[in-house]
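In: here are the coordinates; sequence isn't available:
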């Protein structure tokens, strides 16, 4: 069982779709779902901005075959960590 709620997963899906490094989120809402569970496991395990940025960069390069520089994975990692911190506060310290 996952240690996060469906609401948390949906919020992260929304963030990834807003980032949309491939440019298909308008047509394919689940394109980035392959990153949800691995990223949430990392976040639950205490991953920091650097680790999330490295994960995103790896996914862009290896899974999606993109040049990660144009997608700015480090900026998205900053956004994810800020969101995760806010989720933790909203849920009493645990997402």
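Out: Nice, I can see it. Here the structure is a predicted model, which is why all the values come from computation and not from measurement.
In: now for the longest helix along the chain, which elements pack on it?
Out: If you go by DSSP state H, the chain has its longest helix at helix 73-90. Applying 3 or more C-beta pairs under 8 Å, 6 or more residues apart in numbering; DSSP states H and E, one finds that helix 73-90 contacts helix 6-19, helix 36-44, helix 49-58. C-beta coordinates here come from the backbone N, C-alpha and C atoms, glycine included.
In: how far is the shortest one from where the chain is centred?
Out: On the basis of C-alpha atoms, centre = their mean, to the nearest Å, the separation between the geometric centre of helix 36-44 and that of its chain is 8 Å.
In: quick one: list the elements packing against it.
Out: helix 6-19, helix 49-58, helix 73-90.
In: buried ones in the last one?
Out: For helix 73-90, the neighbour count (16 or more other C-beta atoms under 10 Å) marks 73, 74, 76, 77, 79, 80, 81, 83, 84, 87 as buried.
In: for it, the averaged confidence score.
Out: Averaged across helix 73-90, pLDDT comes to 91.
In: contact partners of that helix?
Out: The contact list for helix 73-90 (C-beta atoms under 8 Å, 6 or more residues apart in numbering) reads 8, 11-12, 15, 19, 39, 43, 48-50, 52-53, 56-57, 60, 94-95.
In: can you do 6 Å?
Out: Here helix 73-90 makes contact (C-beta atoms under 6 Å, 6 or more residues apart in numbering) with 8, 19, 43, 49, 52, 53, 56, 57, 95.
In: neighbour count, pLDDT and distance to residue 27 for those - can I get that in TSV?
Out: Listed next are the contacts of helix 73-90 as TSV, based on neighbours: other C-beta atoms under 10 Å; pLDDT from 0 to 100; distance: C-beta to C-beta, whole Å:
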residue	neighbour count	pLDDT	distance to residue 27
8	21	94	25
19	18	96	16
43	24	96	27
49	15	97	30
52	22	98	26
53	21	97	27
56	24	97	21
57	19	95	25
95	22	52	29
